[in-house]
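Asker: Got a sequence here, can you build the structure:
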Amino acid sequence: MQPDAGNSALSSRGINYANPDFVILKYEEVVPSLALREYIECYWTLVSDCSLENELCLPDGSASLIFNFGLPYRRAVCHRPNEWMQVGRHSLVHQNKASVLINQQSPVRMLGVRFKPYGMAPFFKVNMNQYPPPFILNGSMLFKWLGSLKEKLWETDCFSERTALVDHDLLRRLPNTPPPDPLVKESVSIMVKNRGVIKIGDLLEQLCVSKSNLEKKFQEHVGLSPKILCNIFRFNSIVYNHQMNPVPSLTELSYKQGFFDQSHLVHNFRSFTGLPPGKFFRQENLLVEMLRQSFEARTMEIY
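Answerer: Next up, the predicted model:
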């Protein structure tokens, strides 16, 4: 079966200097082959000829397999900005409850596989609850799992060729991959369609399931509780909608997004970014701005 990635770009954006050979930052997404879309949201690439300095990356409820073709980069949770961790060529990164800061010297060349929240567990046959952030597999364990793919990816510098190689390799593994858990899958679909604005009690009633049963399945297949994942979807929706259609005050933003008052909104932003909303929106966050353009379209289309 031949992969059909590489010709279905969901979004592509670059910010460039006058010199077309020098890229400030470019982010692109491509959908995987049809058979893989049960597990994977998209393939993505991040390219820059400038260094990344404290670029903020919001939690999105997804885990990623990341290939780094540049220098090792550093990442730190936003609440602990001085506790940097160096990441090498390959990493299988766990979902986070908060944003991370990314630092990398130029040139930046990354390729990633963004799994659906429940897609990584069956693919790698892991219990997500046993792998606290930031990594599920790293170093020699992941190196062994990747096999010959890791050498093939370094034989080309073309994004479409690299995504085709990854797509083909993951398709090869599909016959031995169990399907996603149907209850978790349906739960995530409901959360996405409601943009995270749904009470867990209403979700349980809609699914006719107990809280303990859903919690257990989410910890095993997602690595986050239903409430946290729901809040992540809600937070991203708030950020990206406000960037497109700003409101004049935090009070109006609070009520528009269903918060009881402004303090609840501020607490939400501090929890996910370490910053109050006013300061967050005043900052220039190139990665956040680029991801905004694909987040809602991607999530609403594939769930």
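Asker: C-alpha from now on. contacts and neighbour counts both.
Answerer: Will do.
Asker: residues making contact with stretch 136-149?
Answerer: Stretch 136-149 has contacts (Cα atoms under 8 Å, 6 or more residues apart in numbering) with 90-94, 128, 150, 165-166, 169.
Asker: buried set for that stretch?
Answerer: Of all the residues in stretch 136-149, those buried under the rule 16 or more other Cα atoms under 10 Å are 136-138, 143.
Asker: swap in stretch 234-252?
Answerer: For stretch 234-252, a neighbour-count test (16+ other Cα under 10 Å) marks 234-240, 250 as buried.
Asker: Among those residues, name the ones in helices.
Answerer: Under the assignment DSSP state H, the buried residues of stretch 234-252 contribute 234-240, 250 to helices.
Asker: Might you report the residue contacts of the closest residue to V93 other than its chain neighbours?
Answerer: What sits nearest to V93 in space, not counting adjacent residues and going by Cα to Cα, 6 or more residues apart in numbering, is F135, at 4.6 Å. If you count contacts by Cα under 8 Å, 6+ apart, F135 has them with 91-94.
Asker: Check L291 too.
Answerer: Residues near L291 by Cα under 8 Å, 6+ apart: Y27.
Asker: Give me the residues contacting stretch 255-269.
Answerer: 197, 235, 238, 250-251, 254, 275-277.
Asker: give me that answer again for 10 Å
Answerer: Contact with stretch 255-269 is made by 98, 197, 231-232, 234-235, 237-239, 241, 247, 249-254, 270-271, 274-278, 280, as judged by Cα atoms under 10 Å, 6 or more residues apart in numbering.
Asker: try stretch 70-85
Answerer: 47, 52-58, 86-90, 96-110, 134, 270-275.
Asker: Can you list the buried residues in it?
Answerer: Buried-residue list, stretch 70-85, by 16+ other Cα under 10 Å: 70, 73-79.
Asker: quick one: the helices in this protein?
Answerer: 120-124, 140-146, 149-153, 159-173, 182-193, 200-207, 211-221, 226-244, 250-256, 262-273, 277-282, 286-302.
Asker: Please export the C-alpha coordinates of the third one as PDB.
Answerer: Included here for helix 149-153 are C-alpha records, laid out as PDB according to Å, rounded to 0.1, in the frame of the first residue of the first chain:
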ATOM      1  CA  LEU A 149      13.700   4.300   9.500                       C
ATOM      2  CA  LYS A 150      16.100   6.600  11.400                       C
ATOM      3  CA  GLU A 151      18.900   6.100   8.800                       C
ATOM      4  CA  LYS A 152      16.500   6.500   5.800                       C
ATOM      5  CA  LEU A 153      15.200   9.900   7.100                       C
END
